[in-house]
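**Q** Coordinates for the following, if possible.
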Amino acid sequence: MGNPLNLPFDPIERAHENWTRRWGSSSAMVAVTSIMRAQQILIGRLDAALKPYSLTFARYEALVLLTFSSTGALPLGKIGERLMVHPTSVTNTIDRLERQGLVRRKPNPSDGRGTLAEITDPGREVVEHATRDLTAMDFGLDGYTDDELWDIHRRLTTLRVGFGDFPAPVAAPDDGDQGPR
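**A** Numbering: from 1, shown residues only. Got it, this is the predicted structure:
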């Protein structure tokens, strides 16, 4: 993320003006560029909040996933699947967390060749503290209302369903709940 750009203009709007002159208007270009910049900003904010715990957001997500597991342990392949990352990234993440003493590897009792990553007590403690900090800053999205945040989620769900991440959600009757649909 670096520092705020502090430009006297919106560089994405400027890029769109140039794009339009060259190739015609593209709301998709503006949207994807905005999403990519937002991702840079959010990763920077989240990683900064997690720095006191010597974590990145990717490592934090792995710890949270292990916390959600009923046994506190998951196969490395399952971690990659749930976090939607390449197996090499999972190995790297677990290696770092293991060096920090936040997880340990152990043989998978249901797969003699497989390995489980298991969260340690210090890992659970770090997750609790880090989660408190991230929640206090609304994960870097504190400028939005709850309704706006659910709207962002629903709009990006369309992209994810179209890609094949999961089937389209079944629409529920509007009961005033702003949760996932």
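**Q** Could you check how far residue 10 is from residue 30?
**A** For residue 10, the distance to residue 30 under the criterion CB to CB, to the nearest Å works out to 10 Å. All C-beta atoms are positioned from the backbone trio N, CA, C, and that covers glycine.
**Q** the more surrounded of those two?
**A** residue 30 (17 against 13; other CB atoms under 10 Å).
**Q** Now the helix or strand of the chain with the lowest mean pLDDT: buried residues?
**A** When each helix and strand of the chain is scored by mean pLDDT, DSSP states H and E, strand 111-119 comes last, with a mean of 89. Neighbour-count burial for strand 111-119 flags 115, 116, 117, 118, 119 (criterion: 16 or more other CB atoms under 10 Å).
**Q** export those to a markdown table and tack on distance to residue 47?
**A** As requested, the buried residues of strand 111-119 are exported to a markdown table (distance: CB to CB, whole Å):
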| residue | distance to residue 47 |
| --- | --- |
| 115 | 27 |
| 116 | 27 |
| 117 | 21 |
| 118 | 25 |
| 119 | 20 |
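**Q** centre of the chain versus the helix ranked longest in the chain, how much separation?
**A** Ranked by number of residues, the top helix in the chain under DSSP state H is helix 27-50. Once both centres are worked out by CA atoms, centre = their mean, to the nearest Å, helix 27-50 turns out to sit 11 Å from its chain's centre.
**Q** Buried residues in that helix, which are they?
**A** When neighbours are counted by 16+ other CB under 10 Å, the buried residues of helix 27-50 are found to be 30, 33, 44, 45, 46, 47, 49, 50.
**Q** What of stretch 130-150?
**A** 130, 134, 140, 150.
**Q** Keep only those of these that are in helices.
**A** Residues from the buried residues of stretch 130-150 lying in helices, with DSSP H as the criterion: 130, 134, 150.
**Q** Which residues does stretch 5-24 contact?
**A** Under the contact criterion CB atoms under 8 Å, 6 or more residues apart in numbering, stretch 5-24 has outside partners 25, 26, 29, 30, 33, 34, 37.
**Q** make it 6 Å
**A** Outside stretch 5-24, the residues that touch it by CB atoms under 6 Å, 6 or more residues apart in numbering are 26, 29, 30, 33, 34.
**Q** per-residue pLDDT, the last one?
**A** Per-residue confidence at residue 34 stands at 95 (pLDDT).
**Q** quick one: it from residue 82, how far?
**A** Separation of residue 34 from residue 82 (CB to CB): 27 Å.
**Q** before we move on, which element is residue 61 in?
**A** Take DSSP states H and E as the rule and residue 61 turns out to sit in helix 57-68.
**Q** Can you tell me which helices and strands that helix packs against?
**A** For helix 57-68, the packing partners by 3 or more CB pairs under 6 Å, 6 or more residues apart in numbering; DSSP states H and E come out as helix 27-50, helix 87-99, helix 121-136.
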